[in-house]
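Asks: need coordinates for the following:
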Amino acid sequence: MEYWLDKGGIRDCFDTPDLVFQAYRYEKGEYITVPGKPMDKILFLVEGTVQIYGIREDGSLSPVNQIVSPTILGDLEFPNQEAAPFFTETKTPAVCLSLSTKAYRNQLDCDLRFLHVLVQSCTDKLKFFSLKDTVAATLEERVLLYLKNVCPHCEMDGVETAVFQLRCSRRQLQRVLKKLCEKGQVRRVGKGRYRLAT
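Replies: Have a look, this model is predicted:
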């Protein structure tokens, strides 16, 4: 537990002392959240990759996001103690640290540092969704916006996450990346790694 708390910098997210966390290890393909189940905890994903999606009436998947650690799950549900609206499924083995919002609700509502962390987490997600639904008409424009505004240091590390987030096929994305590299707008910096040219 101490290792994961230190690795994730979790204690730095709180002013409240002596919080008690639980650790959960998930295998690939396990569900962390499912729609309708009350979300009575904040989860810190400290290792692994998760995919967030809904299921349409016809049974097809509606991709929402694919995220890698470190990140927070339950931040959007915290203010109103709502149920999770989507499935969160592990794409790789994963580790989450869990803090009960039921047990610590009064302290967390007054914990300024924690509330700032939540605002930042929600802002990042809002920025991602607004960019995803922006007026960028072509996949080429969406890839450039994704590199500039979503990828850390304007660098994509692996195409699988980008394929899910940009809602395109691997082939389409590779074709666009090749074209952008030829134009000099993007540089390939390693296997599956692309950086926005400056």
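
Asks: which non-adjacent residue is nearest the residue most central in space within the chain?
Replies: Note on the chain: the residue nearest the mean C-alpha position is residue 67, at 3.3 Å, using C-alpha atoms, centre = their mean. Leaving out its chain neighbours, the residue that sits closest to residue 67 by C-beta to C-beta, 6 or more residues apart in numbering is residue 50, at 5.8 Å. C-beta coordinates here come from the backbone N, C-alpha and C atoms, glycine included.

Asks: pLDDT score assigned to that neighbour?
Replies: Note on residue 50: pLDDT of 90.

Asks: again, but for residue 133
Replies: Per the predicted model, pLDDT is 57 at residue 133.

Asks: just residue 100 next, same as before
Replies: 95.

Asks: if I look at it, how far off is residue 140?
Replies: According to C-beta to C-beta, to the nearest Å, residue 100 and residue 140 sit 45 Å apart.

Asks: helices or strands up against the least confident helix or strand in the chain by mean pLDDT?
Replies: Counting by mean pLDDT, DSSP states H and E, the chain has its least confident helix or strand at strand 61-68, which shows a mean of 75. Strand 61-68 is packed against strand 49-55, helix 159-166, with contacts defined by 3 or more C-beta pairs under 8 Å, 6 or more residues apart in numbering; DSSP states H and E.

Asks: now these in JSON lines, with mean neighbour count?
Replies: JSON lines is the format used below for those (neighbours: other C-beta atoms under 10 Å):
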{"stretch": "strand 49-55", "mean neighbour count": "18"}
{"stretch": "helix 159-166", "mean neighbour count": "19"}
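
Asks: nearest to residue 146, of those?
Replies: Nearest to residue 146, of all these, is helix 159-166, at 6.1 Å by C-beta to C-beta.

Asks: picking up where we left off before, of all the helices and strands packed on strand 61-68, which lies closest to residue 95?
Replies: Here strand 49-55 is closest among the helices and strands packed on strand 61-68 (C-beta to C-beta), at 11.2 Å.

Asks: helices and strands around that closest one, which ones?
Replies: Strand 49-55 packs on strand 61-68, strand 87-90, going by 3+ C-beta pairs under 8 Å, 6+ apart.

Asks: where does the prediction get shaky in the chain?
Replies: Where the chain drops to pLDDT under 70, the residues are 128-137.

Asks: the same query, at a cut-off of 90, please.
Replies: Counting by pLDDT under 90, the ranges of the chain that qualify are 1, 7-8, 33-39, 49, 51-71, 74-87, 121-170, 190-192, 197-198.

Asks: could you check how far the residue nearest to residue 67 is from residue 16?
Replies: Counting by C-beta to C-beta, the gap from residue 50 to residue 16 is 26 Å.

Asks: ok, residue 175 next?
Replies: Counting by C-beta to C-beta - residue 175 and residue 16 are separated by 50 Å.

Asks: which one of the two has more residues nearby?
Replies: residue 16 (17 against 14; other C-beta atoms under 10 Å).

Asks: any idea how far residue 63 is from residue 43?
Replies: For residue 43, the distance to residue 63 - C-beta to C-beta - is 20 Å.
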